[in-house]
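Chemist: Just the structure for this:
(2 chains)
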2 protein chains.
Amino acid sequence: MPHSPHFIDHIQSCLDDFIDKRHTILADISADATPLITHSREFLRGGKRFRALFTYWSWQGITEISGTNSLPSAVAYPSEPEAVDPANSPNYSAILQVASALELFHAAALVHDDVIDNSDTRRGTPAAHLRFERLHRDGGWRGDPAEFGRASAILLGDLLQFWSDELFSDGIHELSDPAAARRARAHFNQMRTDVGVGQYLDLLEEHVWGEAAHEEQLERSTRVLVYKSAKYSVEAPLLIGAALGGASAAAETALSAFGLPLGVAFQLRDDLLGVFGDSAVTGKPSGDDLREGKQTVLIALARRTMPPAQQRAMDDLLGNATLDESQIVQLQNAIRESGAYESVEKMIEDNVERAQRALHAAPLGAESVRQLAALAHRVTQRVF
Amino acid sequence: MPHSPHFIDHIQSCLDDFIDKRHTILADISADATPLITHSREFLRGGKRFRALFTYWSWQGITEISGTNSLPSAVAYPSEPEAVDPANSPNYSAILQVASALELFHAAALVHDDVIDNSDTRRGTPAAHLRFERLHRDGGWRGDPAEFGRASAILLGDLLQFWSDELFSDGIHELSDPAAARRARAHFNQMRTDVGVGQYLDLLEEHVWGEAAHEEQLERSTRVLVYKSAKYSVEAPLLIGAALGGASAAAETALSAFGLPLGVAFQLRDDLLGVFGDSAVTGKPSGDDLREGKQTVLIALARRTMPPAQQRAMDDLLGNATLDESQIVQLQNAIRESGAYESVEKMIEDNVERAQRALHAAPLGAESVRQLAALAHRVTQRVF
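Modeler: I've put the predicted structure just below:
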């Protein structure tokens, strides 16, 4: 554990320690296995860590008011650093491991996601499958480098999934309250099923769109957004944190009332960035969602208000992996003119407002409310 | 729970119940998600269940002699059915769930494995990715059916992994001894890392072979066999079962001394079947390992004794996905003539003998020794 007072540094350190131990295990099997470690490390650096932060501040918020946690108020970026003394809270190490496990899980999900989407860039650097493909090319090995890359990334994602589960189990095992451990695991289980199903429905939409009526398509796109992202990225980390703190059912409901609209707003922002975002901000090529043909709420809203000829023109371009810059601009303009951009901005605003109202009504400690409010602002404006 | 006295029927029933509950969860999200359930069910039917049986008889063997289990001797195929009364053993339900979780994990591994190997057939029926590909074709959907199939299978494998972990956790949570639960989880964790790394090394061998000297290649192929299969398929299920029964470290060592050589023999048999096997027995096309270019111990041994010209002829054909029947026969003959077939048969015999000796020296109940000996015979002769 470094001497930093920042929670996110503790997360990095927890992940580094965990991977160091796996490095030893893998190196004992074969030096050939070490690329699995090298790439794990790279994918576990950086990232916004907001899943871990939601877990942490939710736990803090619950324990602050129940008086079970005497931690002076641990510190999340960007507030002022204050000393965290883990010895003050017997459960701090458990929370740290669980929060790190969610980051590990997310890294696993991204590795598989990039294989599924044939996405070559992640956080501005090559996706895992491309790194293994390069290893193959550099070695001048036999067979198809791209196939080796994809297969290796599937296995790397699997390992990261196993390890996230391992770290999660280690964490809840250290909790002093076994009922809290069980509840946290139940939320973790539900999160994994939700996101797996959400990803499948997302994939399905890329292949079946164009058949549903406008309202039905909007409903389908909203369902994907809720399961693949809102629940997974925001609500579940909050509920896991709350469970770790021994939250009541009422407190969990209050956290859902905050987390679900916030998660919706978060993903709507992501959808806007996927179409209009600057690649320097997103770490993905501009207009990436258009090339992938993602059937987002934004697209469903745009299609609903466009004249039929423009709809057809948009549909002809969507999902074409070879769209050039001018076609991307053409689509961006059409979506903007449809009014969908503004509608989505308005939806984000409404959802953030609803989330903030729910947050202030939730039975959480004052410092945690302040931190969660700041976090809510950051994840929906992407000011990370 | 059905009224059958057979343990393997209880396994099927446990898996069916588990999937029924996931069906409810998925159907509540969207009817579109149900193919994930349909295919899960299909992949969880049949199979040899020997991982579950190793777990069961190892647990029985330990508890029989420690007197913590008053079960009259539950029943595994093909011995005579006797009544199992779960009420007699407070941990029976825990063992059943853990053993079922290993079968669920195996189904997950096979789904990803078939994507990685581009393998179209599994247990004589279409692999998961082909089933999703067919769903796409039948629906006349947009985009590439094969890509949809592969992406869906990655997600299905992920879900099955999450679920295996969920069922495993449910199982050990029911154990009366928390130390046994921790120990079982440690073995489960190790098993998952071992098999993930073993699969990566296996994949690597398909791409880097031909560079190592004969002895080094044999060592590399043996390492893949040990991690991908011997530990995963036999040793780990035995150790998990032993841990569930509260086995001592000495008892675990004794079970490893049985399980590891047996696992080696099991995989050597699999390697022979992968080259010479009848597709009616293996559920895979004949000569499948040759088309995939698997660098098995069998191949390493064959190469070592072949004259250089024949080596080159074999190497030119290995890993060619389009090998025809006559080329397969040509390779089969060359391998047989090299003496490698006989050498592998001898290695199987030696390993089985070593395993049986270790089994009879292990501190296990007599009935379990009898059952494990029969199981050892079946998995190395494939008389299922």
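Chemist: thinking residue A:244 is in contact with residue A:184, fair?
Modeler: Yes - shown here, residue A:244 and residue A:184 form a contact pair, counting by C-beta atoms under 8 Å, at 5.2 Å. To be clear about C-beta, it is placed using only N, CA and C from the backbone, and glycine gets the same treatment.
Chemist: Find residues that contact each of these two.
Modeler: Between them, residue A:244 and residue A:184 share these contacting residues under C-beta atoms under 8 Å, 6 or more residues apart in numbering or on different chains: A:98, A:172, A:175.
Chemist: Save those residues as TSV, and put in secondary structure too.
Modeler: As requested, the shared contacts of residue A:244 and residue A:184 are arranged in TSV below (DSSP: H, G, I helix; E, B strand; the rest coil):
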residue	secondary structure
A:98	helix
A:172	helix
A:175	coil
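Chemist: Now the buried members of those.
Modeler: In terms of neighbour count (16 or more other C-beta atoms under 10 Å in any protein chain shown), the buried residues within those are A:98, A:172, A:175.
Chemist: Hmm, residue A:171 and the first one touching each other?
Modeler: Yes - look at residue A:98 against residue A:171 with C-beta under 8 Å: they come within range, at 3.8 Å.
Chemist: which residues touch the nearest residue to residue A:121 once chain neighbours are set aside?
Modeler: For residue A:121, the nearest residue in space outside its immediate sequence neighbours is residue A:284; the separation is 5.7 Å by C-beta to C-beta, 6 or more residues apart in numbering or on different chains. With contacts defined as C-beta under 8 Å, 6+ apart, residue A:284 is in contact with A:119, A:121, A:122, A:274, A:277.
Chemist: For chain B, state which of the shared contacts of residue A:244 and residue A:184 is nearest.
Modeler: residue A:172 (9.8 Å; C-beta to the nearest C-beta).
Chemist: burial count for residue A:179?
Modeler: Here the number of neighbours of residue A:179 (other C-beta atoms under 10 Å in any protein chain shown) works out to 10.
Chemist: Ok, the one 10 residues further on next?
Modeler: A count of neighbours around residue A:189, defined by other C-beta under 10 Å, yields 16.
Chemist: is it true that it touches residue B:162?
Modeler: Yes - with contact defined as C-beta under 8 Å, residue A:189 and residue B:162 form a contacting pair (7.2 Å).
Chemist: Heading C-terminal from the lowest-mean-pLDDT helix or strand in chain A, find the next helix or strand.
Modeler: Of all regular secondary-structure elements in chain A, judged by mean pLDDT, DSSP states H and E, the least confident is helix A:279-282 with a mean of 72. Downstream of helix A:279-282, the first helix or strand assigned by DSSP states H and E is helix A:288-292.
Chemist: Give the buried residues for the helix or strand following that next one.
Modeler: In the C-terminal direction, the helix or strand that comes right after helix A:288-292 (DSSP H and E) is helix A:297-305. Of the residues in helix A:297-305, those with enough neighbours to count as buried (16+ other C-beta under 10 Å) are A:297, A:298, A:299, A:300, A:301, A:302, A:303, A:304.
Chemist: In terms of secondary structure, what does helix A:297-305 contact?
Modeler: Using 3 or more C-beta pairs under 8 Å, 6 or more residues apart in numbering or on different chains; DSSP states H and E as the contact test, the elements touching helix A:297-305 are helix A:214-224, helix A:249-276, helix A:308-317, helix A:325-337, helix A:340-361.
Chemist: Name the surrounding residues that touch the shortest one.
Modeler: When contacts are defined by C-beta under 8 Å, 6+ apart, helix A:308-317 is touched by residues A:210, A:290, A:299, A:302-303, A:306, A:323, A:327, A:330-331, A:334-335, A:338.
Chemist: In JSON lines: the residues you listed, plus pLDDT.
Modeler: What follows is the contacts of helix A:308-317, written out as JSON lines (pLDDT from 0 to 100):
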{"residue": "A:210", "pLDDT": "75"}
{"residue": "A:290", "pLDDT": "93"}
{"residue": "A:299", "pLDDT": "95"}
{"residue": "A:302", "pLDDT": "96"}
{"residue": "A:303", "pLDDT": "93"}
{"residue": "A:306", "pLDDT": "93"}
{"residue": "A:323", "pLDDT": "93"}
{"residue": "A:327", "pLDDT": "94"}
{"residue": "A:330", "pLDDT": "93"}
{"residue": "A:331", "pLDDT": "95"}
{"residue": "A:334", "pLDDT": "95"}
{"residue": "A:335", "pLDDT": "95"}
{"residue": "A:338", "pLDDT": "95"}
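Chemist: out of those, which are buried?
Modeler: If you count burial by 16+ other C-beta under 10 Å, the buried members of the contacts of helix A:308-317 come out as A:290, A:299, A:302, A:303, A:306, A:323, A:327, A:330, A:331, A:334, A:335, A:338.
Chemist: Leaving out the residues flanking it, which one is nearest to the residue in the stretch 251-384 of chain A that chain B sits nearest to?
Modeler: Nearest residue of the stretch 251-384 of chain A to chain B, counting by C-beta to the nearest C-beta: residue A:319, 6.8 Å away. Here the nearest residue to residue A:319 in space, its sequence neighbours aside, is residue A:293; by C-beta to C-beta, 6+ apart that works out to 2.4 Å.
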